[in-house]
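In: below: sequence and its predicted model.
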Amino acid sequence: MEQSLFERLYDVLDNTAMLLFESDKTPYLDGLVLACEWIMSGDVLYEKNPDIAQKLETIRASINDVSFDKETVRKAMQVAILKGLKHVKLSNQSMTPETIGILTAYLIGKLIPGNQTISMLDPLVGTGNYLTCVANQIDREVQLYGVEMDKQRYFLATAMFDMMSYGEDVYYQDTLTYAGVLVDVIVTDFDFYEEVDQHYFPMETILHHRNNLKDHGYFLAVIPNDFFNQPSQEQFRKDLLEQYQMIGLVKLPESLFRGLGKSILILRGRKPEDEYPKSFLLADVPSFEDQDGFANALRQINRWFLENHPIKENFNG
């Protein structure tokens, strides 16, 4: 990725959002969505004020002759969204670190070998950063779907999809009401939730979206490390094992999080006759800055796949 291209795109997004904020108090994140729409459509900008319209056209003109790769677009959008969250004093903790996206994509490549198109759903897509980060790291065709019930994040995710030519399949609704499509892979990053009236939202979400997963498809969930310590976990584990095979748990570096850490739980949609792999994948990934430790963790993961690969003869992606 050429840094100059990233800077040019970020400057257009940021300058457009800031100009709209300064001219008529359009919230920064709303202005960011408008900037994306105008870049993609080529429509006249801000017709109600000719002076502002001319300034916006000048900003956009700086990239009229430029093509951006998907990862440059994602990074520019990510930085602009982080600025927008800071603008309204919202935490950026819901933005999944890109290192987790890269690791998730690596695991998907191991789980689903070959070069067939992969369809992926994030049932809590947020701004779309995690899902598109994963997709950008997979060296094959992908089809993306997202569900989001926060209106502002829904519009940001839609803009993210559009800017990267991933289509328009983002749905504005409660994820527990979504039926939708059958996909090869579900990925999502759960924030920290408390159990309320014996309902733990991450567990409910995993069970609900089994209906969106093909047989022998995969669910990779970034879960808090207290996930299996909830009061209702005994019943959940029973229900889970009726619908999924538990394939592995990859503990993520604690340095990525404030407070309680997270892990990637790997599940496989099962049929009643399916057998489990010979062993459960259990890996502890150290800090990504610890190159030797990280390389050792990858070797451990690769060795598990060589010995236990549960997919090749059964996957019907």
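Out: Cool, got the structure. Remember, it's a predicted structure, so these values are computed and weren't measured experimentally.
In: what does the domain assignment say about this protein?
Out: With domains defined by automatic domain parsing, the chain comprises 3-87, 98-308.
In: got those as JSON lines, with mean neighbour count columns?
Out: (Glycine included, C-beta is placed from N, CA and C.) Formatted as JSON lines, the domains of the chain follow (neighbours: other CB atoms under 10 Å):
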{"stretch": "domain 3-87", "mean neighbour count": "17"}
{"stretch": "domain 98-308", "mean neighbour count": "18"}
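In: could you dump the ones you listed to JSON lines with mean pLDDT?
Out: Formatted as JSON lines, these follow (pLDDT from 0 to 100):
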{"stretch": "domain 3-87", "mean pLDDT": "89"}
{"stretch": "domain 98-308", "mean pLDDT": "92"}
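In: what helix or strand is the residue lying closest to Leu298 once chain neighbours are set aside on?
Out: Using CB to CB, 6 or more residues apart in numbering and skipping residues adjacent in sequence, the residue nearest Leu298 is Tyr106, 7.9 Å away. Assigned by DSSP states H and E, Tyr106 belongs to helix 98-111.
In: list the helices and strands that helix packs on?
Out: Packing partners of helix 98-111 (3 or more CB pairs under 8 Å, 6 or more residues apart in numbering; DSSP states H and E): helix 129-136, strand 183-189, strand 213-224, strand 244-251, strand 262-269, helix 291-308.
In: output the contacting helices and strands for the fifth one.
Out: Right, the one you point to is strand 262-269. Here strand 262-269 touches helix 98-111, strand 213-224, strand 244-251, going by 3+ CB pairs under 8 Å, 6+ apart.
In: may I have the strands that pair with the shortest one, each with its orientation?
Out: The strands that strand 244-251 pairs with in its sheet are strand 262-269 (antiparallel), strand 281-284 (parallel) (by DSSP bridges).
In: and these as a markdown table, adding distance to Gly217?
Out: Converted to a markdown table, these look like this (distance: least, CB to CB, whole Å):
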| stretch | distance to Gly217 |
| --- | --- |
| strand 262-269 | 5 |
| strand 281-284 | 17 |
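In: among those, which is nearest Met40?
Out: Nearest of the strands paired with strand 244-251 to Met40, taken as CB to CB: strand 262-269 at 32.8 Å.
In: quick one: the closest one to strand 183-189, angle?
Out: 160 degrees (axes from the mean of the first three to the mean of the last three CA atoms, to 10 degrees).
In: starting at the chain centroid, how far to strand 262-269?
Out: 14 Å (CA atoms, centre = their mean, to the nearest Å).
In: export only the CA atoms of that strand, formatted as PDB.
Out: The C-alpha trace of strand 262-269 is given here as PDB (Å, rounded to 0.1, in the frame of the first residue of the first chain):
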ATOM      1  CA  LYS A 262     -10.500 -12.300  24.100                       C
ATOM      2  CA  SER A 263     -10.100 -15.500  22.100                       C
ATOM      3  CA  ILE A 264     -11.200 -16.800  18.700                       C
ATOM      4  CA  LEU A 265     -13.700 -19.600  19.100                       C
ATOM      5  CA  ILE A 266     -13.800 -21.900  16.000                       C
ATOM      6  CA  LEU A 267     -17.100 -23.800  15.400                       C
ATOM      7  CA  ARG A 268     -18.200 -26.000  12.600                       C
ATOM      8  CA  GLY A 269     -21.700 -26.500  11.500                       C
END
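In: which other residues reach it?
Out: With contacts defined as CB atoms under 8 Å, 6 or more residues apart in numbering, strand 262-269 is touched by 100, 103-104, 107, 111, 189, 206, 210, 213-225, 227, 240, 243-252, 256, 281, 310.
In: if we use 7 Å, what do you get?
Out: Residues from elsewhere that reach strand 262-269 (CB atoms under 7 Å, 6 or more residues apart in numbering): 104, 107, 210, 213-225, 244-252, 281, 310.
In: ok, now which ones touch Tyr166?
Out: By CB under 7 Å, 6+ apart, the contact list for Tyr166 reads Thr132, Ala135, Leu144.
In: look up how far Thr96 lies from the first one.
Out: The gap separating Thr132 from Thr96 is 11 Å, by CB to CB, to the nearest Å.
In: what do you get for the last one?
Out: In this view, Leu144 and Thr96 are 15 Å apart by CB to CB.
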